[in-house]
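Peer 1: Predicted model and sequence below, questions to follow.
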Amino acid sequence: MAKYSRVSGSVGLITLQNPPVNALSAAVRQGIVDTVERALSDPKVKSVVICGQNGIFCGGADIKEFGSNMSGPPLVPMIHAIEAANKPVVAAIEGSALGGGLELALGCHYRIAHSKARLGLPEVTLGLLPAAGGTQRLPRLIGVPAALDLITTGRHVTAAEALQLGVVDQVTDHSTVDAAVKFAQSVAGKPLDARRISTYPCPRPSDLDALFEGVMEKVRQSARGAIAPVACVQAVRAAATQPYTQGMEREKELMATLFTSGQARALQYCFFAQRAVSRWSMPNGARWDTSKPRPVHKAAVIGLGTMGRGITVALAQTGLSVIAVETQEKQLMEAKQAVSGMLERGAKRRGVAPALDRISYSRDIQAVADVDLVIEAVFEDMGLKKKVFQQLASICRPGTFLCTNTSALDVDHLASQTHNPELVVGMHFFAPAHVMKLLEVVYGPRSSPQAVATAMQLGKKMGKISVAVGNCPGFVGNRMLKPYMEQAFFLLEEGATPELVDRALEEFGFPMGVFRMSDLSGLDVGWRVRKGDGLSEPGAPSGQPARIRQGRRYSPLGDLLCEQGRFGQKTGRGWYQYNKPGSRVARSDPWLHSFLEGYRARHGLVARRIDNQEVLERCLYALINEGFRILEDGIAAGPEDIDMIYVFGYGWPRHRGGPMFYAGMVGLGKVLERLEHYHQAHPDVPYLKPCSLLWRLVASGSPPLHKWREVIKKLHSQL
Ligand SMILES: CCCCCCC/C=C/C(=O)SCCNC(=O)CCNC(=O)[C@H](O)C(C)(C)COP(=O)(O)OP(=O)(O)OC[C@H]1O[C@@H](n2cnc3c(N)ncnc32)[C@H](O)[C@@H]1OP(=O)(O)O
């Protein structure tokens, strides 16, 4: 809807009304068309102001309407009518002017923004392009290079930057609507020809071809298979090389391709899934809207290794007072220096003062006595962690939340070391903890809803995507990683190379294939876990039994590399070789290839040709199958939780929507059929056996993802 009123005698004020962000739904578009017509036909009205209610101009086209209700007046002619008006129209921008919202403002003759407003064309992040004239008007207004930057990245700019770029005409610290009304009065009756952006010639850079080739190359490299950024470049190129009308045709044509693409659907799904995971629920019925978080002002971090340092930085940057505890003097000194460096670099990037004085360091765990919440981040060893939890239970004042950053150990077992297990949850950060967006909040059967709510709220404050998950080995992310990595090892045994497997996964869109990633994170991490699980045995004998552990197929390849001291990047050797320890440039290693040949010969394995399709199906479908098991076990509340964990924590390409969304796109029947096929070929690999939820979903006609919860509920009620 749009509200109309006449203010100051001669200004028609149009207020967009569609809470919470005044998205351009069919009703809002109709409202704009009607009110603009009314203002233009009223002889008392000399100029017009468009604003949004509740301090936000407009969040863009209504994403919820995409793919369903596309009725109502289309945006392009609506904006043209505003631009063609014979009375000046001023956009009063408060809060956000994004996507179609900014395109609407670009159709106005003047734009006045509040100093706190943010502007941008983020359509590319939804798999689209600014198809309401944005790709044609913005380059005409601010030049091709600046427009390319905003349109291909989708980044939001501050009002100050928008003013500097020429996107807005004026910035105010006071009431934007008052300033716009005053301004509208001052320009009433003035000629408008020079204010219609679509009539501007597009500034043509002298090195046009080189500019577009460079940007296209950059976009292709960073987009990892995403099609929208490429289409954005093509649309802006049309603006730079063709008259406006033809440019608009090209924009429309490119949008039509994007609009119906699976990538747009995946990215729009991610937009809503990202928000949906904050509405968590627990199997005992506790939920986000009935559980009140407790405020956390002062927190402590125990253990200042890599993870502890990152967590300390993240907490301090959020504005909390932090007590950072490390019992080893040398480690404490090194950590202090590292944390200060990270804070200083971060502050420089963001143009703020570093939060150094928010942190106090101590070697004595007694220093945490009066904090609201503790995050334990000591070495991943159950004995050590248990001791820390016992100490915390006797040191901390009653009511302190005790969290563990373990990535694999049993949170319930740690909780049982304290007098108040209801105050214990896992806060599983991802390295580097001050950078990575994902936080798994792990609850056990005794964790209180308030403890979960508090950890979720703290994660949000730290700018994380927090996902609440149940307690099980590996929680969600690492549990699903196990079958994925296992398949990659098996593929090497059967004839693949790390390069072949990684290439297939990187072409799919992962920033790094599984072997490159293991080299980065360190092969010894998994080795330690496998030793703990009784899987890795030094000097395994040759022949078949070496590849069977605990009654199922097992590949000792990773263990054998570790036995040789090949721990990945940090030792300069792993699945690849590196110029020196710590170097990041992976090179193919002839030693590794002959090691694999020797291994196959020792175990009587004949190498066969393996193609990309098999790599993807075996690695990804095994991972997805485990995702279905996680849903079946009630460890994740819904597929969106799993997908956001993979998108934000494991580099799953966002334009493929996360593993569970991807399974739906491929077709659940197809995933089931391929898993069955591979399980028949490898009956000693339980991860390839399709789980009952997948069978159940296929038997129910493969419902769309938003209906899976009903099937899961039915399954749980029958167990
Ligand atoms: C072929 C015909 C199509 C022509 C299209 C022409 C081209 C135009 C395309 C577009 O405009 S696409 C949309 C572009 N806009 C965006 O990408 C902005 C998306 N929104 C945001 O970035 C943020 O929501 C915000 C506006 C900065 C506000 O952030 P805040 O943190 O304050 O709130 P949120 O939790 O993010 O959102 C609140 C609530 O609003 C819902 N929502 C937000 N934006 C939209 C939208 N554009 N359409 C529909 N719904 C939107 C969001 O999902 C939240 O809902 P709930 O989770 O509370 O239900």
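Peer 2: Cool, got the structure.

Peer 1: can we go C-alpha only for contacts and neighbour counts from here?
Peer 2: Fine.

Peer 1: Quick one: the helices in the stretch 501-650 of the chain, in order.
Peer 2: Secondary structure of the stretch 501-650 of the chain, counting by DSSP state H, counting those that start in this stretch: helices at 514-521, 523-532, 557-563, 590-602, 612-632, 639-649.

Peer 1: Lowest mean pLDDT across the ones you listed, which one is that?
Peer 2: Per-stretch averages of pLDDT across the helices of the stretch 501-650 of the chain put helix 523-532 at the bottom, with a mean of 85.

Peer 1: Can you mark which positions in that helix are buried?
Peer 2: Residues of helix 523-532 classed as buried: 523, 524, 526, 527, 528, 530 (neighbour count, 16 or more other CA atoms under 10 Å).

Peer 1: How about stretch 150-163?
Peer 2: Neighbour-count burial for stretch 150-163, counted by 16+ other CA under 10 Å, picks out 150-160, 162-163.

Peer 1: Stretch 212-228 too?
Peer 2: Applying a neighbour-count criterion of 16+ other CA under 10 Å, one finds 212, 215, 216, 219, 223, 224, 225, 226, 227, 228 buried in stretch 212-228.

Peer 1: Which helix or which strand is home to the nearest residue to the fifth one once chain neighbours are set aside?
Peer 2: The shortest distance from residue 223 to any residue that is not its chain neighbour, by CA to CA, 6 or more residues apart in numbering, is 6.9 Å, and that residue is residue 229. Under the criterion of DSSP states H and E, residue 229 resides in helix 228-241.

Peer 1: Check residue 442 too.
Peer 2: Following DSSP H and E, the helix or strand that holds residue 442 is strand 438-443.

Peer 1: Can you spell out the domain ranges of the chain, please?
Peer 2: With automatic domain parsing as the criterion, the domains of the chain are listed as 2-259, 298-475, 496-500+513-602, 612-718.

Peer 1: Which of those domains sits closest to the ligand?
Peer 2: Among these, the nearest to the ligand by CA to the nearest ligand atom is domain 2-259 (3.5 Å).

Peer 1: quick one: low-confidence parts of the protein?
Peer 2: 69, 536-546, 719 (pLDDT under 70).

Peer 1: tell me the contacts of the residue nearest the centre of the chain?
Peer 2: Nearest to the centroid of the C-alpha atoms of the chain, with distances taken as CA atoms, centre = their mean, sits residue 648, at 4.0 Å. For residue 648, the residues meeting the contact criterion (CA atoms under 8 Å, 6 or more residues apart in numbering) are 436, 437, 438, 465.

Peer 1: Run the chain-centre distance for the helix holding residue 229.
Peer 2: On the basis of CA atoms, centre = their mean, to the nearest Å, the separation between the geometric centre of helix 228-241 and that of its chain is 25 Å.

Peer 1: other SSEs contacting the very next helix or strand once past it?
Peer 2: Under the assignment DSSP H and E, the closest C-terminal helix or strand after helix 228-241 is helix 244-259. Other elements packing on helix 244-259 under the criterion 3 or more CA pairs under 8 Å, 6 or more residues apart in numbering; DSSP states H and E are helix 134-142, helix 228-241.

Peer 1: 6 Å instead, please
Peer 2: Other helices and strands packing on helix 244-259, by 3 or more CA pairs under 6 Å, 6 or more residues apart in numbering; DSSP states H and E, are helix 228-241.

Peer 1: related to what we said a few turns ago, mean neighbour count, the helices of the stretch 501-650 of the chain: which tops it?
Peer 2: With neighbours defined by mean count of other CA atoms under 10 Å, none of the helices of the stretch 501-650 of the chain is more surrounded on average than helix 639-649, at a mean of 25.

Peer 1: if we can go back for a sec, buried set for the helix holding residue 229?
Peer 2: Within helix 228-241, the residues that qualify as buried by neighbour count (16+ other CA under 10 Å) are 228-240.

Peer 1: These into CSV, with extra columns for distance to the ligand?
Peer 2: CSV is the format used below for these (distance: CA to the nearest ligand atom, whole Å):
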residue, distance to the ligand
228, 12
229, 14
230, 16
231, 13
232, 12
233, 15
234, 16
235, 13
236, 14
237, 18
238, 17
239, 16
240, 20
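
Peer 1: ok, residue 605 to the ligand distance?
Peer 2: Distance of residue 605 to the ligand, computed by CA to the nearest ligand atom, to the nearest Å: 52 Å.

Peer 1: Contacts only, for that residue.
Peer 2: If you count contacts by CA atoms under 6 Å, 6 or more residues apart in numbering, residue 605 has none.

Peer 1: does residue 323 count as helix, strand or coil?
Peer 2: On the three-state scheme (DSSP: H, G, I helix; E, B strand; the rest coil), residue 323 is labelled strand.
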